[in-house]
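A.B. asks: Here is my input, please return the structure:
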Amino acid sequence: MNSQAAALKPVAAVSERDMANAIRALAMDSVQKANSGHPGMPMGMADVATVLFSRFITIDPSAPNWPDRDRFVLSAGHGSMLQYALHYLLGFEDMPIEELQRFRQLGSRTAGHPEYGHALGIETTTGPLGQGISTAVGMALAERMLAARHGADLVDHFTYVIAGDGCLQEGISHEAIDLAGHLKLSRLIVFWDDNAISIDGPTSLSTSMDQPSRFKAAGWHVQSVNGHDTDSVAAAIEAAQQSDQPSLIACRTVIGKGAPNLGGSEKTHGAPLGDAEIAATRENIGWAYAPFEVPDDILFAWREIASRGQAVRRAWEQRLVASPQREAFESAVAGTLPDAVFEALGVFRKEHVEKATKVATRKASEMALAAINAATVLTVGGSADLTHSNLTITKGMDRIAPGDYAGRYIHYGIREHGMAAAMNGIALHGGFVPYGGTFLCFADYARGAMRLSALMGQRVIYVMTHDSIGLGEDGPTHQPVEHLAMLRATPNLNVFRPADIIETAECWELALRSEDRPSVLVLSRQNLPMLRQGHVDENRSSRGAYILREPARHRAVTLIATGSEVEIAIAAAERLDTEHGIAAAVVSMPCWELFEEQDADYRQAVLGLAPRIAIEAAARLGWDRWIGDTGAFVGMAGFGASAPAPDLYRHFDITPEAVAAAALKLII
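C.D. replies: You can find the predicted model right below:
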């Protein structure tokens, strides 16, 4: 705790009303000083938050990452001043009052929406509505799974969420609450800020949804309370903690509670209250203190909550020291994969070079996963109802089921967006390395949560199969064209498109080693030949691109390809050599992002000085960086069609003949 906290002395009994008013005052003062922000929600939910933290939640600001802490997720992230006020009041060392005074300013920890990694104790980035509650489902699932492995002495905590109308209106919330209800995630408790207000005005403008009935239908325990009646809120939390279902507590609140003229109005949602209304609010709630001033007795009451959490944390640490599970538990929470995983992949690569194994890269992924999953228990797989298309389950992986969390495979259902958010939650919680599958085309559905994986730097692995027109007869609705460009445009996301079984194993290794970013494995439906000419210990994909075939003579053209089109590039190079005497180098580029990280000399050595042609059964966007102004592109210029894959490649002129013709046009 900071020096101010150390000097505090209890003066008199402090009411929860006074504690809540401290939140209200800090929220309205911070937003006013920034001239930007959302005071209404923090003021409206201050009573609920005060009850939750003063009577129930177990956290320790002096050890904010201890594994068995309760998780608190502010899904309604626009109300970030609620969280920042709590962190100051509780005594988080990185949240002095000066940070509240710098709310929404460049370089401050108090960003407009809570950002994971920007400040201690923020469990996940929220702001895109619906993401917080959906990520929390993954956290709650991870808690149950970790408890099933290591016991209640080490894992026994709740995940608490504050969500607003916007969170519940977003479509992802349906996916999340359905999954949570089905799996009976009883340690998940959601507080709905039922203030009947959205940005445009009353929620009645756009919805008539009976949210409590919706949650009941999804298998949740549901209660409705007056969100300003602290004892009623406390009783509801006690009941929720005893339920064998996830819980929704619908808290009827007044947005901007305490503001005498604007309270209850959308005008308090996303704008400062103004000096006059703030003065009137101070008088209305009996807060006779200057901006950013919290009296010692109220601050002491809040810091006592932190002391309580510290005592619980120390008792837990004693149990950990005495536990026979200690080594396994600490290894799991650290997320460090054993060397055996990477040794197994090395053996795998050598074996399949020697066998020249020809399989679809989705099948190669399944085979690599069999080696990975046999070497570690940390990986947790799943699929959005495409298990036997994505090939994401391997031998010996038991399924997670309602009330049974000892397995390693999650059936997410047809919920791509919910799956991605839940995997974020699993990764953030700790204890597991999550991967999940769907078709590449359905990255569109998962996109919002995938972006947050990258923004938060989480090791989440997306297995996305059926990666091009090569999927064939399902047609253009399922054939991705623009998706690679969209994913490659996302910062801090590695997009791997391997060309064969060897690159697939290499890309899995790289994804598992990438602890600070998510990865997408883009995999084919159609069989592809093994292209390596011999085994090497080096992971050649680790540099993003490499020369797969270098001609004996000085190269006249460089063919750059990814995935299933590397085979086409090799065939084109052979045609150019035998029919035209033209020396063509073939570059396989499984990961643009890793290639971008290489030094200029390496990139120049790989790309060469000769004219370049890119071959990819996808949109051209982005390729001009690698082929230059004078290069050529062989790929898709529009959507696909429904037909067998070989017919489609011929129809769209993605063939060795087309590549050779493009080379001749560049050279001659």
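
A.B. asks: and the helix or strand hosting Leu510, what does it pack onto?
C.D. replies: Using DSSP states H and E, Leu510 sits in helix 501-513. Of the remaining helices and strands, those touching helix 501-513 by 3 or more C-beta pairs under 8 Å, 6 or more residues apart in numbering; DSSP states H and E are helix 339-355, helix 361-375, strand 494-496, strand 519-522. Every C-beta, even on glycine, is put in place using the N, C-alpha and C of the backbone.

A.B. asks: Kindly recompute the last result at 6 Å.
C.D. replies: When contacts are defined as 3 or more C-beta pairs under 6 Å, 6 or more residues apart in numbering; DSSP states H and E, helix 501-513 packs onto helix 339-355, helix 361-375.

A.B. asks: Dump the ones you listed into CSV; add mean neighbour count, mean pLDDT and distance to Pro272 as well.
C.D. replies: Written out in CSV, the entries for the helices and strands packed on helix 501-513 read as follows (neighbours: other C-beta atoms under 10 Å; pLDDT from 0 to 100; distance: least, C-beta to C-beta, whole Å):
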stretch, mean neighbour count, mean pLDDT, distance to Pro272
helix 339-355, 17, 98, 53
helix 361-375, 23, 98, 52
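
A.B. asks: which stretch among those comes nearest Gln318?
C.D. replies: Taking C-beta to C-beta as the criterion, helix 339-355 is the member of these that comes nearest to Gln318, at 31.3 Å.

A.B. asks: okay, the angle between that closest one and helix 361-375?
C.D. replies: What separates the directions of helix 339-355 and helix 361-375 is an angle of 140 degrees, with axes from the mean of the first three to the mean of the last three C-alpha atoms, to 10 degrees.

A.B. asks: pull the CA atoms of helix 339-355 into PDB?
C.D. replies: Once side chains and other backbone atoms are set aside, the C-alpha atoms of helix 339-355 remain, and they are given as PDB (Å, rounded to 0.1, in the frame of the first residue of the first chain):
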ATOM      1  CA  ASP A 339      10.500 -29.700 -23.200                       C
ATOM      2  CA  ALA A 340       8.900 -33.100 -24.000                       C
ATOM      3  CA  VAL A 341       6.400 -31.200 -26.200                       C
ATOM      4  CA  PHE A 342       9.000 -29.800 -28.500                       C
ATOM      5  CA  GLU A 343      11.100 -32.900 -28.500                       C
ATOM      6  CA  ALA A 344       8.100 -34.900 -29.600                       C
ATOM      7  CA  LEU A 345       7.500 -32.400 -32.500                       C
ATOM      8  CA  GLY A 346      11.100 -32.800 -33.600                       C
ATOM      9  CA  VAL A 347      10.700 -36.600 -33.700                       C
ATOM     10  CA  PHE A 348       7.400 -36.100 -35.600                       C
ATOM     11  CA  ARG A 349       9.000 -33.900 -38.200                       C
ATOM     12  CA  LYS A 350      11.900 -36.300 -38.900                       C
ATOM     13  CA  GLU A 351       9.500 -39.300 -39.100                       C
ATOM     14  CA  HIS A 352       7.200 -37.600 -41.700                       C
ATOM     15  CA  VAL A 353      10.000 -36.200 -43.800                       C
ATOM     16  CA  GLU A 354      11.300 -39.800 -44.100                       C
ATOM     17  CA  LYS A 355       7.800 -41.100 -44.900                       C
END
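
A.B. asks: Give me the contact list for that helix.
C.D. replies: Outside of helix 339-355, the residues within contact range by C-beta atoms under 6 Å, 6 or more residues apart in numbering are 371-372, 375-376, 501-502, 505, 509, 532, 535.

A.B. asks: cool, and stretch 46-56?
C.D. replies: 16, 19-20, 23-24, 191, 227-228, 230, 233-234, 237, 251, 305.

A.B. asks: where along the stretch 551-668 of the chain do the helices fall?
C.D. replies: Ranges of helices within the stretch 551-668 of the chain are 565-580, 592-596, 600-607, 624-627, 645-651, 656-667, based on DSSP state H, counting those that start in this stretch.

A.B. asks: mind saving the C-alpha coords of the longest one as PDB?
C.D. replies: Read it as helix 565-580. Taking Å, rounded to 0.1, in the frame of the first residue of the first chain, the C-alpha atoms of helix 565-580 are listed here in PDB:
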ATOM      1  CA  GLU A 565      -0.200 -23.000 -53.300                       C
ATOM      2  CA  VAL A 566       3.400 -23.800 -52.500                       C
ATOM      3  CA  GLU A 567       2.800 -27.100 -54.300                       C
ATOM      4  CA  ILE A 568       1.700 -25.100 -57.300                       C
ATOM      5  CA  ALA A 569       4.800 -22.800 -57.100                       C
ATOM      6  CA  ILE A 570       7.100 -25.800 -57.200                       C
ATOM      7  CA  ALA A 571       5.300 -27.300 -60.200                       C
ATOM      8  CA  ALA A 572       5.600 -23.900 -61.900                       C
ATOM      9  CA  ALA A 573       9.300 -23.700 -61.200                       C
ATOM     10  CA  GLU A 574       9.800 -27.100 -62.700                       C
ATOM     11  CA  ARG A 575       7.800 -26.200 -65.800                       C
ATOM     12  CA  LEU A 576       9.800 -23.000 -66.200                       C
ATOM     13  CA  ASP A 577      13.100 -24.900 -65.900                       C
ATOM     14  CA  THR A 578      12.300 -27.800 -68.200                       C
ATOM     15  CA  GLU A 579      10.300 -26.000 -70.900                       C
ATOM     16  CA  HIS A 580      11.900 -22.500 -70.900                       C
END
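
A.B. asks: Right, I'll leave it there.
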